[in-house]
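Q: Structure, please.
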Amino acid sequence: MKHATRIYRLDHSKRGDAEQLARMHEMAREAAEVLRRPIPDTFLGRRTFEPLPKEEKRA
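A: Numbering: from 1, shown residues only. Take a look at the predicted model:
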């Protein structure tokens, strides 16, 4: 009786690895984009605009 030779295919695994690698590249690209943005100013009391002049009340 001859033993059967088993063939293990890695095609599915390689495709999954490629998809995961593509996702990791996309995440790294998005992270680098976020890090290039200026640091947000979170001081709530800072005025970044001039208030509109108030209208004078007419008597």
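
Q: For the residue most central in space within the chain, give its distance to residue 36.
A: The chain has residue 30 as the residue nearest its centroid, 3.9 Å off, counting by CA atoms, centre = their mean. As judged by CB to CB, to the nearest Å, residue 30 and residue 36 stand 11 Å apart. Bear in mind the C-beta positions are built from the backbone N, C-alpha and C, glycine included.

Q: Equivalent analysis for residue 28, please.
A: 13 Å.

Q: which one of these two has more residues nearby?
A: residue 28 (10 against 7; other CB atoms under 10 Å).

Q: which residues does residue 51 contact?
A: Contacts for residue 51 (CB atoms under 8 Å, 6 or more residues apart in numbering) come out as none.

Q: Mind telling me what element residue 42 is part of?
A: Per DSSP states H and E: residue 42 is located in neither a helix nor a strand.

Q: okay, now it: neighbour count?
A: 6.

Q: Next one, pLDDT for it please.
A: Residue 42 is assigned 75 on the pLDDT scale.

Q: repeat for residue 31
A: 96.

Q: so it is in which element?
A: Assessed by DSSP H and E, residue 31 sits inside helix 11-36.

Q: now do residue 52
A: Following DSSP H and E, there is no helix or strand that holds residue 52.

Q: Also residue 40?
A: Applying DSSP H and E, one finds residue 40 in no helix or strand.

Q: and the gap between it and residue 24?
A: Using CB to CB, residue 40 is found at 26 Å from residue 24.

Q: These two: who's more crowded?
A: Neighbour count, other CB under 10 Å: between residue 40 and residue 24, residue 24 has more, with 10 against 5.

Q: where in this structure is pLDDT low?
A: 1, 8-13, 57-59 (pLDDT under 70).

Q: and if we set it to 50?
A: Residue ranges of the chain with pLDDT under 50: none are present.

Q: How much space separates residue 44 from residue 50?
A: 18 Å.
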